[in-house]
Structure formats: structure tokens, C-alpha cells
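*Asks:* structure here, sequence nowhere to be found:
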């Protein structure tokens, strides 16, 4: 769907996971810094499984929306009457959702008894992002300069995130790579919403003038404003988690720290308990 609703659906998909990661990763490293017990590790694994299931579910919903809303091709790729291809843009978006759905399935299987290779989940996510990028590279923009420029800027976020994710295959749990992958996902989500407002305003009427060169300049500026906002959101969550960790260490000592994500973290003490001895050094009988 090239309508506002279609872009809003895609934007919501990326924003959801980007914002979730901006909270999830700082909490995960907070648990590690506080010497979390095995119960916290199990909760993190459960969250990873739920994340993969949610990714597969949202991808399936996107595929169905691209195929079976009233203006969609309804699983028909070629029209025998007009002897032409049927709404290939919908098929492109469906293909994008398909590979993100496969990425979600691999996320779930990575924590199953199948014991998939470590890093396969990141590899499938990187593949999904690369395929998304190539689909937009070869998208038909009908010589619409603004439309093409909008999606060309989007390629920066797509391939930037794909590169970070591919590096995570070899550098697992790398905080910097996870930080930038998160920011690129938030950028994709907000920019898809921007595309919807520019090309198909929800209040009706035509989109921005495709022949005005000034629109290309202001949209380029807006794109980096979007990225600045994504960096601020990701950084703010990281700073808050670091501050919260220091506050816990300073004020709570060996007490249990209960996090909002539903699990409890126990800070272990490295020193053993003191041993009480009698005054004479021997026990009296």
C-alpha cells in the first residue's frame, strides 16, 4: 500500500521495535552490571522469544494487509485481461514483511532445543534489511522526484542498520552496534510516517509538489532532524539506565532491585560474612 495507512503501518512496525530495543538493551546491561542471577537471565531469554514472536506476528499482519485490503491485488500477480502485472508495489512491501517474519521465526528458534548457530538471528535480520533496501532501490517511482528522494534518504537508515546488524554476527552483544541499530530502526519508523504525510496527507488533497526543488532540500534537512531525535531517544534511555544503576549501587547495597520488566535482580556480595570468635579463642565446654 502506497497510501498514508500503508506508510503508517510500516512506520509503526519499525518504531515499535526501535523503541523497545532502546529500553531492552539498557535494562539487559543493567542486570549484568548488578550481577544478576540466573532468574534474570531466564527472563531476558523469555523476552527475546516474545520479541521474535511479535516480529513474526506483525510481519504476518503486514503481509495480509498488503494483499487483502480492498485496493490490494488479492494474491494476483498478473492480470490475464489487461496482460499486465498487478500492483507490484504491494508485492514488494509483502516481500519486505516476509523476510522480517522469517527473522522473527529464527529469533524464536534460537532459544529452542534446536540449538541454532549463535549469530544466525542477527544474520537473518541483516538479510531482511538488505532485501528491504534493494526493494526500494528498484521501486518504480514514476519519475516523481520527491517520492524518489524520500526513499533514497530512507536507504541510509536501511543499509546503515543492515551493516550494524551484520557486524553483530561476529561481535555479539556489542553496545555501540546495538545502539546504532536501535537508532536506525527508530529513524526508519519516523521517516515512514513522514513519507505518508508528504505523499498522501491523511486530511486529503494532493501531496507535496514533485517539481519543486526546494522540497528536496527541506526534506533532506528533516531527515537528519529525524535522526537527531532518534539519537536523543536512544541516548536518553541509556543515560537513565546508567544513572539508575549507580543509584541502586549507592543506596540499595545488597537489597533486591525490582525492575519494571518483571524480574528481580540480586546484587551479590563478594566478601563473606564475618565469623564471630569467643574472647579466649576457644569454645568453653
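*Replies:* Now that the structure is in, tell me what you want to look at. The shown structure was predicted, so the numbers you read here are calculated from the model rather than taken from an experiment.
*Asks:* tell me which stretches of the stretch 1-150 of the chain form strands.
*Replies:* For the stretch 1-150 of the chain, the strands defined by DSSP state E, counting those that start in this stretch cover 78-79, 84-85.
*Asks:* quick one: low-confidence parts of the stretch 101-250 of the chain?
*Replies:* The stretch 101-250 of the chain contains residues with pLDDT under 70 at 241-242, 244-250.
*Asks:* ranges for the helices of it?
*Replies:* Along the stretch 101-250 of the chain, the segments classed as helices by DSSP state H, counting those that start in this stretch run 120-137, 145-168, 175-199, 213-251.
*Asks:* I'd like the ones you listed as TSV, with distance to residue 16 and mean neighbour count appended.
*Replies:* From N, CA and C alone the C-beta is placed, and that goes for glycine too. Converted to TSV, the helices of the stretch 101-250 of the chain look like this (distance: least, CB to CB, whole Å; neighbours: other CB atoms under 10 Å):
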stretch	distance to residue 16	mean neighbour count
helix 120-137	15	20
helix 145-168	15	20
helix 175-199	7	22
helix 213-251	13	15
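*Asks:* quick revisit: just put the strands of the stretch 1-150 of the chain in TSV and tack on mean pLDDT.
*Replies:* What follows is those, written out as TSV (pLDDT from 0 to 100):
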stretch	mean pLDDT
strand 78-79	74
strand 84-85	79
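*Asks:* for residue 56, find the nearest of the helices of the stretch 101-250 of the chain.
*Replies:* helix 120-137 (11.5 Å; CB to CB).
*Asks:* tilt between that closest one and helix 145-168?
*Replies:* Computed by axes from the mean of the first three to the mean of the last three CA atoms, to 10 degrees, the angle separating helix 120-137 from helix 145-168 equals 160 degrees.
*Asks:* what is helix 120-137 packed up against?
*Replies:* Helix 120-137 sits against helix 88-109, helix 145-168, with contacts defined as 3 or more CB pairs under 8 Å, 6 or more residues apart in numbering; DSSP states H and E.
*Asks:* could you dump the ones you listed to JSON lines with distance to residue 138?
*Replies:* Shown next, in JSON lines, are those (distance: least, CB to CB, whole Å):
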{"stretch": "helix 88-109", "distance to residue 138": "8"}
{"stretch": "helix 145-168", "distance to residue 138": "11"}
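*Asks:* which one of these lies closest to residue 26?
*Replies:* Closest of the helices and strands packed on helix 120-137 to residue 26 is helix 145-168, at 16.6 Å (criterion: CB to CB).
*Asks:* packing partners for that closest one?
*Replies:* Using 3+ CB pairs under 8 Å, 6+ apart as the contact test, the elements touching helix 145-168 are helix 120-137, helix 175-199, helix 213-251.
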